[in-house]
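Attaching a predicted model along with its sequence, questions to come.
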Amino acid sequence: MEKQDFKAVMEVKDLFFTYPGVSEPTLKKNNLTIYKNKITALIGPSGCGKSTLLRAMNRIHDLYPGCEYKGKIDFLNPQSGKMENLLELRKENELIGLRQRVGMIFQRPTPFPMSIYDNVAYGLKLSGLKNKSELDGRVEKALKDAAIWKEAKDRLKDSALGLSGGQQQRLCIARSVALKPEVLLFDEPTSALDPISTSAIEELITELKKDITVVIVTHNMQQASRLSDYTTFMYLGDIIEFNKTEKIFVNPSVKLTEEYITGRFG
Amino acid sequence: MNRLVLNKVVLVLSTLSAFIGIGFLFWILITLAYKGMAGLSFSLFTKDLVEGGIRNLLVGQFTMALMATAIAVPLGVMAGIYLREYGEESKMTSVIRNLSDVMTSAPSIVIGVFVFALLVEPFGTFNGWAGVVALAIMMVPIIIGTTDNMLALVPKELREAGIALGGSKKQVILQIVLKAAKVGVTTGILLSFARIIGETAPLLFTSANNQFFSMDLTDQFPSLTVSIYNLATYPDEASRQLAWSAAFVLTAIVLFINLVGRYVTRHKQ
């Protein structure tokens, strides 16, 4: 790998992850660095563990008891400048704190059954923000940042369920962005959307990396090559190759990577 | 040729079965309407049973049903939440779920006898509270079942999205999941209410009946259903006419609640 002058935000070190009731670990000794204000793509065939790795980064696995982590995921504390292992967090309020710093967007849009405004304000209210005018300002800013303000501004009080799929997904992004997270995790964010909505979301993600570090799981290789700065190829729970995206797509060093990218398997 | 004939035969048979089923239902409804409406008058609703009206019976029936709802809704909804949201890993969950299913189809007379032993015998008198408890016991498993099923329909991504935004499990369940399942849960409550409002057996040995207007739940309590049962056994024409009218009013109420329940489900989802 080339010498890096970028700052690491997250470092996955020798991570093993095992689902409850399964004897074999799903992730085996994963090592990966996530750089600040870059987009890192996780690619690989179905079942390779890319979503599992992504879901470890905000500890959402912990919603289901019995998951086992081994190894470390160091996460930069912006105040102290030190790396802290996020797998050591135990208490519910520590995990809540982590999730406010590491947001997540899912495959299918997940608008809450409430108004557009309340959807965006929900996370802010959870984090303790009560002041009405400040809330209004943050909601507007988030909707603008997620490029949905124009469509939403006249119907803030309407149910979010009335939006189209692409709009719902942008609303979900707005909802996460409103919390000013340091990292945003995208789990195949466009696989349920049409091409036009997809390109809107891709544009948005590129725009977001000015302020936020992005990790994205995708099945779509063109998407990975268009969007990302770094690409990680995973296979059967192993990280096969991690490098700059152009390197991975133009001149991969591992044969398996090349075979996957050229579509010979997967 | 053969399959065309078979097709016709099956079509005719199934149409016939449908008409027989619906036919009996309409027969009941029409008889009820015909006989019941003959006794309908304004004074029916302003006089109590002693004077040949059903005012106290309606008030009594609704009082007990509403009290039962007030007890059963929090219990049932919370138990449903436990089963679906918290009990996943617990072995008790499937036991409770199965027991609750069995309770849904428990004969209502058995529940009546149980409450008789629990709340009537020890106090030496039939009382309204016993009726309320018996009705609540009938409601709880129905509400548990619908709440449990409706929560199961909420996609897990919605819970994860709430957690990913920094919500605690409790907040996500109460503020998002329950909201997403609101229509279904409400319909379940409404339908369970419709179910118990027409029950006789759980009240027969518990609240018994009262000819007079009463709001005292520690004493015998008036109810429409038990009155219908009693009146129908009396030999005099006036009592039987009153039974028909009361039955007609009761059926209209149950039908109305069911229709509202269905309307809500269809138009809010």
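Thanks, I have the structure now. Residues are numbered from 1 along each chain as shown, chains lettered A, B, ... in the order given.

so how many other residues sit close to the closest residue to A:Ser253 other than its chain neighbours?
Excluding its sequence neighbours, the residue lying closest to A:Ser253 (C-beta to C-beta, 6 or more residues apart in numbering or on different chains) is A:Glu241, at 6.4 Å. In short, each C-beta sits where N, CA and C put it, glycine included. Neighbour count for A:Glu241, taken as other C-beta atoms under 10 Å in any protein chain shown: 21.

Quick check: bridge partners of A:Glu241?
A:Phe233 (DSSP bridges).

Identify the residues contacting it.
By C-beta atoms under 8 Å, 6 or more residues apart in numbering or on different chains, the contact list for A:Glu241 reads A:232-233, A:248, A:252-254, A:256-257.

And the helices in the stretch 151-269 of chain B?
Assigned by DSSP state H, counting those that start in this stretch, the helices in the stretch 151-269 of chain B fall at B:156-164, B:169-172, B:178-180, B:182-197, B:201-204, B:224-233, B:237-268.

now what about the fifth one, what contacts it?
Contact with helix B:201-204 is made by B:64, B:107-109, B:111-112, B:115, B:131, B:134-135, B:137-138, B:196, B:223, B:225-226, B:229, as judged by C-beta under 8 Å, 6+ apart.

Would you mind naming what in chain A lies close to chain B?
Within reach of chain B by C-beta under 8 Å from any C-beta of the partner chain, chain A has these residues: A:58, A:60, A:63, A:65-66, A:92-93, A:96-97, A:99-100, A:103-104, A:106-108, A:110, A:112-114, A:122-123, A:126-127, A:172, A:175-176, A:179.

And the residue nearest the centre of chain A?
In chain A, the C-alpha closest to the average C-alpha coordinate belongs to A:Leu185, at a distance of 0.7 Å (C-alpha atoms, centre = their mean).

secondary structure element for the closest residue to that one other than its chain neighbours?
Distances taken as C-beta to C-beta, 6+ apart put A:Met104 closest to A:Leu185, at 4.5 Å, once the chain neighbours are dropped. Using DSSP states H and E, A:Met104 sits within strand A:102-105.

other SSEs contacting that strand?
Helices and strands touching strand A:102-105, by 3 or more C-beta pairs under 8 Å, 6 or more residues apart in numbering or on different chains; DSSP states H and E, are helix A:165-177, strand A:183-187, helix B:156-164.

right, and the residue nearest to the centre of chain A touches A:Leu54 too?
Yes. Between A:Leu185 and A:Leu54 there is a contact at 5.1 Å, judged by C-beta atoms under 8 Å.

and for these two, which residues touch both?
Common contacts of A:Leu185 and A:Leu54 (C-beta under 8 Å, 6+ apart): A:104, A:215.

which residues touch the lengthiest strand in chain A?
Longest strand of chain A, by residue count under DSSP state E: strand A:8-18. With C-beta under 8 Å, 6+ apart as the test, strand A:8-18 has contacts from A:24-36, A:49, A:52-53, A:56-57, A:61, A:67-76, A:83, A:182-183, A:213.

Could you check how far it is from the centre of its chain?
15 Å (C-alpha atoms, centre = their mean, to the nearest Å).

got the residues of the stretch 1-150 of chain B near chain A?
By C-beta under 8 Å from any C-beta, the residues of the stretch 1-150 of chain B that approach chain A are B:Glu89.

circling back to that earlier point, out of the contacts of helix B:201-204, which end up buried?
By neighbour count, with 16 or more other C-beta atoms under 10 Å in any protein chain shown, these hold B:64, B:108, B:111-112, B:115, B:131, B:134-135, B:137-138, B:196, B:223, B:225-226, B:229 as buried.

does the residue lying closest to A:Leu15 once chain neighbours are set aside sit in a helix, a strand or a coil?
Spatial nearest neighbour of A:Leu15, chain neighbours left out: A:Gly71 (3.9 Å); criterion: C-beta to C-beta, 6+ apart. When classified by DSSP: H, G, I helix; E, B strand; the rest coil, A:Gly71 comes out as strand.

right, and B:Ala33 touches B:Val249 too?
No. Applying C-beta under 8 Å, one finds B:Ala33 not in contact with B:Val249, separated by 11.1 Å.

Please identify which of these two sits among more neighbours.
Higher neighbour count among B:Ala33 and B:Val249: B:Val249, with 22 against 16, using other C-beta under 10 Å.

which residues touch residue 257?
No chain specified, so I'll use chain A. A:233, A:240-241, A:248.

Switch to chain B, please.
B:190-191, B:193-194, B:197.

Next: B:Ile144.
When contacts are taken as C-beta under 8 Å, 6+ apart, B:Ile144 is in contact with B:76, B:79-80, B:83, B:100.

got it, and B:Ala106?
Remark: with contacts taken as C-beta under 8 Å, 6+ apart, B:Ala106 is in contact with B:Pro141.

Need phi/psi at it.
When read as degrees, to the nearest 10, the backbone of B:Ala106 gives phi -60, psi 140.

how much space between it and chain A?
Using C-beta to the nearest C-beta, to the nearest Å, one obtains 34 Å as the distance from B:Ala106 to chain A.

Can you check the pLDDT for that residue?
Per-residue pLDDT puts B:Ala106 at 90.

and among the helices of the stretch 151-269 of chain B, the most buried is which?
Of all the helices of the stretch 151-269 of chain B, helix B:201-204 has the most neighbours on average by mean count of other C-beta atoms under 10 Å in any protein chain shown, namely a mean of 26.

Can you show me the CA trace of it as CSV?
Output in CSV follows, covering the C-alpha atoms of helix B:201-204 (Å, rounded to 0.1, in the frame of the first residue of the first chain):
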residue,chain,number,x,y,z
ALA,B,201,-72.0,-16.7,30.2
PRO,B,202,-69.3,-14.8,32.1
LEU,B,203,-71.9,-12.5,33.6
LEU,B,204,-74.5,-15.2,34.5
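
Now do the contacts for A:Ile73.
Counting by C-beta under 8 Å, 6+ apart, A:Ile73 touches A:10-13, A:15, A:56-57, A:85-87.

circling back: just the contacts of A:Thr257 now: which is nearest chain B?
Taking C-beta to the nearest C-beta as the measure, chain B lies nearest A:Phe233 of the contacts of A:Thr257, at 25.5 Å.

Any idea which residue of the stretch 1-150 of chain B lies closest to chain A?
For the stretch 1-150 of chain B, the residue closest to chain A is B:Glu89, as judged by C-beta to the nearest C-beta, at 5.9 Å.

That residue reaches A:Tyr64, doesn't it?
No. Applying C-beta under 8 Å, one finds B:Glu89 not in contact with A:Tyr64, separated by 9.1 Å.

buried ones in stretch A:188-195?
Residues of stretch A:188-195 classed as buried by neighbour count (16+ other C-beta under 10 Å): A:188-190, A:192-193.

what's the neighbour count on residue 50?
In the absence of a named chain, this looks at chain A. When neighbours are counted by other C-beta under 10 Å, A:Lys50 registers 28.

was after chain B, sorry
B:Val50 sits with 11 neighbouring residues when counted by other C-beta under 10 Å.

and if you look at A:Leu27?
Using other C-beta under 10 Å: A:Leu27 sits among 24 other residues.

tell me the contacts of it?
With contact set as C-beta under 8 Å, 6+ apart, A:Leu27 has these partners: A:15-17, A:49, A:52-53, A:56, A:237.

measure the closest residue to it other than its chain neighbours to A:Leu256 for me?
Computed as C-beta to C-beta, 6+ apart, the closest residue to A:Leu27 that is not its neighbour in sequence is A:Phe17, at 4.0 Å. To A:Leu256, A:Phe17 is 21 Å away according to C-beta to C-beta, to the nearest Å.

Looking at these two, which one has more neighbours?
A:Phe17 (22 against 16).

Which strand residues bridge that one?
Beta-bridge partners recorded for A:Phe17 (DSSP bridges): A:Leu27, A:Tyr69.

confidence score at A:Arg264?
pLDDT, read off for A:Arg264, is 80.

where does it fall, helix, sheet strand or coil?
Following three-state DSSP, the label given to A:Arg264 is coil.

gap between A:Thr218 and A:Arg226?
Per C-beta to C-beta, A:Thr218 is found 10 Å from A:Arg226.
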